[in-house]
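Visitor: generate a structure from the sequence data that follows.
(2 chains)
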Protein chains: 2
Amino acid sequence: MELFDAVLNRRSCRKFLARPIREEDISRILEAASWAPSPANNQPWEFIVVRSPHLRERILAAAESCRKRLSERSGWKWIDRYSLEFLKEVPVLIAVSGIPEKSGADLFLEEGAGLGYQQACAAAIQNMLLAAHDLGLGTLWFSLFEKKDLREILGIGADRDPIALVCLGVPSGPPMKTPRKSPGEKTRYL
Amino acid sequence: MELFDAVLNRRSCRKFLARPIREEDISRILEAASWAPSPANNQPWEFIVVRSPHLRERILAAAESCRKRLSERSGWKWIDRYSLEFLKEVPVLIAVSGIPEKSGADLFLEEGAGLGYQQACAAAIQNMLLAAHDLGLGTLWFSLFEKKDLREILGIGADRDPIALVCLGVPSGPPMKTPRKSPGEKTRYL
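Guide: Coordinates of the predicted model:
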C-alpha cells in the first residue's frame, strides 16, 4: 500500500471479528514500531502481546470501572455511551509501555522535562497503526484505563509507563470515516 | 512509496541543502499530519511553518543556549558535541504545538492525566516524517529548546504547548543508518 493511502485512509476500528491474527502479521507490526525515531535513538518502548482470554477479560473489567469513574469525574455524558464491546471480540491487545529513564536530553529541560519517551512511544504506535492498516487489519489506540490496573494485570513494573493498548483485529465492517479540519485552519506561515 | 519502505527506511536527517521546499510538498506533509488519530478526534495540534531567516536564526541561538544549559545540568558530554549546524542550512522548520485542553477523557485519569494531546501530536509528527520521506525530503524531530523561548520567538500563546520543531529540507547526503534492537528483545507474549 502506498504511504499516503495508508496515512489518509487509516481509521480507528471499533468492531472486530474474533478471528485470530497471524503471528507474522504481529511481528511485522512490532517491527514497524521499532523503526520509530526516539531521543538519542534510545528506543524507550516495550510491548506486551496479550491474547489470553482471561487477561483480556480482566482488561475489559478494568476499562469498565475506569469509564465509570471518568464519567463521574468529568460529567461528560458521551463517556457512558462509549461502548467497550469491542474489547470482547478483539483477539489481540498490544500494550505499549514507555521507559521514562530512556528519555533524552529533554530530561533536563525547564518545562515538560522527561516526556520525550512518551512521544517516541506515540510515534511507534502510529507506525503500528499504519502497518496494521497496510496488512488489512483494524486497530484502535485505546487509553481508557488506569495505569495501576494495567500494571497489575500485565505485570508491568513501576519503572515502566503503560502508554496505550493497541487493539488489533480483522475489522468486521468499514470504519467510521471521521473528518478532519483542513490543515489551513491550523497553520500559520512565518 | 510503499508504507513499509517508508517506515523501515526513514531516518533522521542532519545535513540539508539550502534549497527551498515546494509549497505543495509542505501542504502534503501538513495534510498527512492532520490524519493522525487523537483523543475523541479532537485534533489537538497546530502548525507554524517557519521560513523567515531571521526567525530561524533566533531559533538557532535559543537552541545553542539550551544545549549549553542542558550540558551543564546533565553532565552528558555528548550534548556539547551535538552539532546544531543543520539549523543554519535547513530551509523550513515546522513548529508543532499541542492544545492541552483538547485532550480526551484522559484529563480525568489518576496518573498521567491530560497528556493525550501530546501523544496525538507525536503521532501527527510521525505522519509528517513519513510523508516527507515519501516525497524525497529529509526531516529531524527536534526538541532541544526551552518552550518559553519558542513561545516568545514564534508568538505561541500560553494555552499552547510547543512539542517539537520538524526540520524539513532536501538531504545533502545519505542519512546515518542507526540500528534498532530486534522487537523480540522488547516483547513479551501473554
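Visitor: number of nearby residues for A:E64?
Guide: Residues near A:E64, counting by other C-beta atoms under 10 Å in any protein chain shown, number 13. For the C-beta atoms, the positions are set from N, CA and C on the backbone; glycine is no exception.
Visitor: just list the residues touching the residue lying closest to it once chain neighbours are set aside, thanks.
Guide: Of all residues not flanking A:E64 in the chain, A:L84 sits nearest, at 6.0 Å (C-beta to C-beta, 6 or more residues apart in numbering or on different chains). Applying C-beta atoms under 8 Å, 6 or more residues apart in numbering or on different chains to A:L84 gives the contacts A:60, A:63-64, A:67, A:144.
Visitor: which of the residues you listed fall in strands?
Guide: Among the contacts of A:L84, DSSP state E puts none in strands.
Visitor: quick one: buried ones out of those residues?
Guide: A:60, A:63, A:67, A:144 (16 or more other C-beta atoms under 10 Å in any protein chain shown).
Visitor: which among the residues you listed gets closest to chain B?
Guide: Closest approach between the buried ones among the contacts of A:L84 and chain B, by C-beta to the nearest C-beta: A:L144, at 6.4 Å.
Visitor: give me the pLDDT value at the closest one.
Guide: Here, the pLDDT recorded for A:L144 equals 91.
Visitor: would you map the strands across chain A?
Guide: Going by DSSP E, chain A shows strands at A:45-50, A:92-98, A:138-142, A:161-169, A:187-189.
Visitor: Serialize these to TSV and add fields for distance to chain B and mean neighbour count.
Guide: As requested, the strands of chain A are arranged in TSV below (distance: least, C-beta to the nearest C-beta, whole Å; neighbours: other C-beta atoms under 10 Å in any protein chain shown):
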stretch	distance to chain B	mean neighbour count
strand A:45-50	4	24
strand A:92-98	9	24
strand A:138-142	5	24
strand A:161-169	7	25
strand A:187-189	4	14
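Visitor: next up, the contacts around A:E31.
Guide: Counting by C-beta under 8 Å, 6+ apart, A:E31 touches A:131, B:8, B:183.
Visitor: number of nearby residues for the last one?
Guide: The reference is to B:P183. By other C-beta under 10 Å, the residues close to B:P183 number 20.
Visitor: that one contacts A:S34, correct?
Guide: Yes - if you go by C-beta atoms under 8 Å, B:P183 and A:S34 touch, sitting 5.0 Å apart.
Visitor: if we can go back for a sec, any chance of the strands of chain A in a markdown table, plus distance to B:G104?
Guide: Below are the strands of chain A laid out as a markdown table (distance: least, C-beta to C-beta, whole Å):
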| stretch | distance to B:G104 |
| --- | --- |
| strand A:45-50 | 22 |
| strand A:92-98 | 17 |
| strand A:138-142 | 11 |
| strand A:161-169 | 12 |
| strand A:187-189 | 23 |
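Visitor: contact partners of the lowest-mean-pLDDT helix or strand in chain A?
Guide: Within chain A, no helix or strand scores below helix A:78-81, which has a mean of 85 by mean pLDDT, DSSP states H and E. By C-beta under 8 Å, 6+ apart, the list of residues contacting helix A:78-81 from outside reads A:67, A:70-71, B:40, B:105.
Visitor: and those residues, which of them are buried?
Guide: Buried among the contacts of helix A:78-81 (16+ other C-beta under 10 Å): A:67, A:70-71, B:40, B:105.
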